[in-house]
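Chemist: show me how the following folds:
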Amino acid sequence: MGTFALVVLALAVAVALYAVRIYNQLIALKNRYKNAFAQIEVQLTRRYDLIPNLVETAKAYLKHERETLEAVIQARNQAVAGLNAAAASPGSAMALQQLAGAEGGLAQALGRLNVVMEAYPDLKANQNMMQLSEEISSTENKVAFARQAYNDQVMAYNTYRQAFPAILLANTFGHAENASLLEFANSQEIMSAPKISF
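Modeler: Numbering: from 1, shown residues only. I've put the predicted structure just below:
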């Protein structure tokens with residue numbers, strides 16, 4: 001083998017190793033944002049599991065508010081479906097929009113429940129209701145932190161994927177699209193509406 005052939009071979013090996021490095025980094029960043037979404041899923045699932053308990057506790061006091069309670073359960077079920085769709089495809093813009101919309105509907109339903117509960121002092125004083133309210137509020141904070149961590153990981157992935165030289169190989173390696181951020185229409189309103197104050 002001549003010197004020129006060795007130089008070409010060494011250059012080809014170097015390019016191949018660099019391509020492998022880019023591929024591995026894309027995979028690592030994608031796995032990080034998927035893991036971050038899994039943390040959101042854990043917290044949302046916890047919150048969704050608390051809502052039926054909240055409704056059951058309120059039922060005894062809110063006998064004439066059946067529509068409000070049913071709306072909360074229906075909104076909760078839609079949010080669960082939205083979460084399942086998003087969990088099946090973290091980073092998918094359509095799935096995350098569906099989740100954000102369902103979360104908005106749930107926040108509105110819980111907000112209406114909060115307004116109705118203001119008229120029932122005995123319900124507000126109920127120990128179970130106070131505990132559930134505290135757990136839901138705590139979970140809301142955890143969701144907010146998990147969502148921020150997810151969005152940070154998505155930004156890291158998207159930035160790396162769009163940067164040179166990764167952009168030259170991203171499509172070839174199956175990373176053709178950016179991952180989507182999880183944003184709510186009005187984060188402050190949605191994150192505060194489900195909180196039940198006593």
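Chemist: need the residue closest to the centroid of the protein.
Modeler: In the chain, the centroid-proximal residue (C-alpha atoms, centre = their mean) is Ile40; its distance is 4.6 Å.
Chemist: give me the distance between Thr57 and Gln162.
Modeler: With distances taken as C-beta to C-beta, to the nearest Å, Thr57 is found 49 Å from Gln162. Quick note: C-beta positions are derived from backbone N, CA and C, even for glycine.
Chemist: correction: the previous question concerned Leu123.
Modeler: 52 Å.
Chemist: the two: who's more crowded?
Modeler: Taking other C-beta atoms under 10 Å, Leu123 and Gln162 do not tie; Leu123 has more neighbours (20 against 11).
Chemist: quick one: pLDDT of that one?
Modeler: The per-residue pLDDT reported for Leu123 equals 81.
Chemist: give me the element it is part of.
Modeler: helix 121-125 (DSSP states H and E).
Chemist: pull the distance from that helix to the chain's centre.
Modeler: The chain centre lies 32 Å from the centre of helix 121-125; the measure is C-alpha atoms, centre = their mean, to the nearest Å.
Chemist: export it as PDB, just CAs?
Modeler: Coordinates of the C-alpha atoms in helix 121-125 are reproduced here as PDB (Å, rounded to 0.1, in the frame of the first residue of the first chain):
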ATOM      1  CA  PRO A 121     -67.600  25.600  54.000                       C
ATOM      2  CA  ASP A 122     -68.000  22.100  55.400                       C
ATOM      3  CA  LEU A 123     -66.300  20.700  52.300                       C
ATOM      4  CA  LYS A 124     -63.500  23.200  52.600                       C
ATOM      5  CA  ALA A 125     -62.900  22.100  56.200                       C
END
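Chemist: need the residues that contact it.
Modeler: Thr57, Ala58, Tyr61, Leu62, Met117, Glu118, Met129, Met130, Phe198 (C-beta atoms under 8 Å, 6 or more residues apart in numbering).
Chemist: quick one, what contacts the fifth one?
Modeler: In this structure, Met117 makes contact with Ala58, Leu62, Leu123, Lys124, Met129, Ile196, judged by C-beta under 8 Å, 6+ apart.
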